[in-house]
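Enquirer: Prediction below, plus the sequence it came from.
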Amino acid sequence: MDVIVDKLTKSFEGHKAVDSISFKAKRGEVLGLLGPNGAGKTTTMKILSGYLLPERGNINFGDYSIWKQAGKIKKVIGYLPEHNPLYPEMNVIDFLFFIGKLQDIPKYKITARVLDMIRLCGLDNEKHKKIHELSKGYRQRVGIAQALIHDPEVVILDEPTTGLDPNQIFAIRKIIKTIGEDKTVILSSHILSEIETTCDQVMIMSNGKIVANGTTSELRRKSDAGYSFKLGIKGDDIPVIHDALCTLPEILHMEITQEQNFEIQCKPDVEIGRTIFDLCREHDWYISELTPVQTRLEDIFRKVTQNE
């Protein structure tokens, strides 16, 4: 089920937390919502989940509109809020049976669904423990299990890995990638590496607006930073090589990193290798290194949010 967001707007006391945003989340993909604190991520997630209504705009879950079929939408989404709401005195398996009943899962299906969620979320050894006895990582697994127990078509996860250690993050990431194979998954995070590793599509928010949207590869291509390379040239003094490189109009910025080695930033879509080769042939130099430096998501994030 695709999710289409159209000109969504929400304000609190005159401040626009979400400012006319539009995007599409597709089935079989994980869409990551990234942004600094206060960017509007959690407000957007709460509107998507039906917890809040927008002032303006619309969201379609398949053929369902939030304004006309809100009840039907709630049946097709699973939601894990930022602060995982669990009943700490219940044990895991009883809690999942309880949530299954709340979701109106038929009696003849509920046992199978609970056992499926225990297997999927790696809770088999923890299923008889009380929730307050679990580590935070296992509590997050229980939260994901309750969000999935009714087999929703759309899964909304708000900061699912906050406060977890690297091993716990790896386990949660694996679960998210699995469910993202046949469901529409929307997750928010302020952890750049988590978004880059887990998500098929990335949407960066700042001050309630979408400031960048696409795959990480597309965001790199769209970045005004151009392309960076590590360059090594042998055959002359550094000042001579530096001055010669400065004459090339394709190079936007250059730094000397060590003896006869440079990091250069070039205009997009230019054949800088051929240009540098011609320059070296002219001066009887040779190229010891010409290696692309991939633009980091962190660099793109800082660029699109620093002026917002």
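Expert: Received it, and whenever you're ready, just let me know what you need.
Enquirer: For the stretch 101-250 of the chain, give me the ranges with low pLDDT.
Expert: 220-226 (pLDDT under 70).
Enquirer: all strands of it, in order?
Expert: 154-158, 184-189, 201-206, 209-214, 227-234 (DSSP state E, counting those that start in this stretch).
Enquirer: Distance to N261 and mean neighbour count for the ones you listed - can I get that in TSV?
Expert: (Each C-beta comes from the backbone N, C-alpha and C, glycine too.) Formatted as TSV, the strands of the stretch 101-250 of the chain follow (distance: least, Cβ to Cβ, whole Å; neighbours: other Cβ atoms under 10 Å):
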stretch	distance to N261	mean neighbour count
strand 154-158	43	25
strand 184-189	36	25
strand 201-206	32	24
strand 209-214	31	18
strand 227-234	5	19
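Enquirer: Mind putting these into TSV with distance to V18?
Expert: Shown next, in TSV, are the strands of the stretch 101-250 of the chain (distance: least, Cβ to Cβ, whole Å):
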stretch	distance to V18
strand 154-158	14
strand 184-189	13
strand 201-206	8
strand 209-214	8
strand 227-234	34
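Enquirer: which one of these lies closest to L252?
Expert: strand 227-234 (9.4 Å; Cβ to Cβ).
Enquirer: hang on, isn't N213 packed against I21?
Expert: No: using Cβ atoms under 8 Å, N213 is not in contact with I21, being 9.6 Å away.
Enquirer: Show me the one of the strands of the stretch 101-250 of the chain that comes nearest R113.
Expert: Using Cβ to Cβ, the nearest of the strands of the stretch 101-250 of the chain to R113 is strand 154-158, at 15.0 Å.
Enquirer: how big is the angle separating the closest one from strand 184-189?
Expert: 0 degrees (axes from the mean of the first three to the mean of the last three Cα atoms, to 10 degrees).
Enquirer: Neighbouring strands of strand 154-158 in the sheet, and parallel or not?
Expert: strand 77-80 (parallel), strand 184-189 (parallel) (DSSP bridges).
Enquirer: Tell me the buried residues in the shortest one?
Expert: It refers to strand 77-80. Neighbour-count burial for strand 77-80, counted by 16 or more other Cβ atoms under 10 Å, picks out 77-80.
Enquirer: can I get the CA coordinates of that strand in PDB?
Expert: Extracted in PDB, the C-alpha atoms of strand 77-80 (Å, rounded to 0.1, in the frame of the first residue of the first chain):
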ATOM      1  CA  ILE A  77      -1.100   0.700  10.000                       C
ATOM      2  CA  GLY A  78       1.200  -0.400  12.800                       C
ATOM      3  CA  TYR A  79       2.700   2.300  14.900                       C
ATOM      4  CA  LEU A  80       5.700   2.300  17.300                       C
END
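Enquirer: which residues sit in contact with I156?
Expert: 45, 48-49, 77-80, 147, 186-187 (Cβ atoms under 8 Å, 6 or more residues apart in numbering).
Enquirer: That one bridge partners, please.
Expert: Assessed by DSSP bridges, I156 has beta-bridge partners Y79, I186.
Enquirer: element containing the residue nearest to L231 when sequence neighbours are not counted, please.
Expert: Among residues not flanking L231 along the chain, F262 sits closest, at 4.6 Å (Cβ to Cβ, 6 or more residues apart in numbering). Assigned by DSSP states H and E, F262 falls within strand 261-266.
Enquirer: Quick one: mean pLDDT over that strand.
Expert: Averaged over strand 261-266, pLDDT sits at 85.
Enquirer: How about that strand, which residues are buried there?
Expert: Buried, per 16+ other Cβ under 10 Å, within strand 261-266: 261-262, 264-266.
Enquirer: Pull up the gap between V154 and H242, please.
Expert: From V154 over to H242 the distance is 55 Å, taken as Cβ to Cβ, to the nearest Å.
Enquirer: for the buried residues of strand 77-80, which one is nearest L134?
Expert: Nearest to L134 among those, with distances taken as Cβ to Cβ, is L80, at 15.3 Å.
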